[in-house]
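Asks: From the sequence below, what's the structure:
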Amino acid sequence: MESTNTLSDEQLRVVEDVKTGQTILLTGPAGTGKSFLMEHLCDMLGESGIPFSITASTGAAASNIGGTTLHAWSGIGLGNGEFDDIMERVRWNKPAVKRIKSCEVLMIDEISMIPADLLDLLDKVFREVRRYEAPFGGIQMCFVGDFAQLRPVKGEFCFKAASWKAANVRIHQLTHIFRQEDADFAKALNQLRMGELDAESKALLLSRYRVVDGSPDEIPVSIVSTN
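Replies: Numbers count the residues shown, from 1 in each chain. I've put the predicted structure just below:
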């Protein structure tokens, strides 16, 4: 496992909350070390012998983190239909029932794409399977993602869910960007994320508009508005 000496103070606070059983949201702009910290937490939980699972809201995101989709892991499939019908599907899915019963910590990456009604459904399913009325049936949840990026295809953000409020989610907003050493560029990227460009950042970005570099060391990235 990576030494805690490699973690920032922000990241260390996340680790301490996970150790104490706190349900958390790990969020922040791209490049702040969310994926790195997830790997660290998985190593820590694995070495401690704590049963955990790592999932994501989409197949692509699940593949990137070496996990599975939340829908497949929980056995809910698309999660549509009446609750009794969904529970019937889950009960017949013996591996899913075993996963839900044995899991102590569940990580969900790209949480911003999970709608509120789906999170409430998972809460009900977990409580039913585990026969325990605590939020999410007593599973410690670790939500990871950036609500300024991808939103649910339909429905409200998950932080509007009743189960989110009941779980008393502690929010950890990472701010230190490791991926980008140019402070001015990092500032411009973060302002773009929030849709609030100041004059300096706008000038910086416009300075690269349709620029032709005759002899670049690397092929430059082109940012366009459509595919």
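
Asks: From residue 172, how far out is residue 18?
Replies: 10 Å (C-beta to C-beta, to the nearest Å). Every residue, glycine included, has its C-beta placed from N, CA and C.

Asks: joint contacts of the two?
Replies: Counting by C-beta atoms under 8 Å, 6 or more residues apart in numbering, the shared contacts of residue 18 and residue 172 are residue 24.

Asks: Span of stretch 16-32 from start to end?
Replies: 18 Å (C-alpha to C-alpha, to the nearest Å).

Asks: buried set for it?
Replies: Residues 17, 18, 22, 23, 24, 25, 26, 27, 28, 29, 31, 32 are the ones in stretch 16-32 that count as buried (16 or more other C-beta atoms under 10 Å).

Asks: Which members of these are positioned in strands?
Replies: Of those, the ones assigned to strands by DSSP state E are 24, 25, 26, 27.

Asks: Need the per-residue pLDDT for the residue nearest the centre of the chain.
Replies: Most central in the chain under C-alpha atoms, centre = their mean is residue 144, positioned 2.3 Å from the mean C-alpha point. If you check residue 144, the pLDDT there is 95.

Asks: heads up, I number from 8, so please use that
Replies: All right, first residue 8 from here; so that's residue 151.

Asks: hey, what's it bridged with?
Replies: Beta bridges link residue 151 to residue 33, judged by DSSP bridges.

Asks: so who does it touch?
Replies: By C-beta under 8 Å, 6+ apart, residue 151 lies in contact with 32, 33, 34, 41, 45, 114, 115, 116, 117, 118.

Asks: For residue 175, state which of those residues is nearest.
Replies: In terms of C-beta to C-beta, no member of the contacts of residue 151 lies closer to residue 175 than residue 32, at 11.2 Å.

Asks: And the closest one, how far from residue 76?
Replies: Plainly put, residue 32 is 20 Å away from residue 76 if you go by C-beta to C-beta.

Asks: same thing with residue 88?
Replies: Applying C-beta to C-beta to residue 88 and residue 76 gives a distance of 18 Å.
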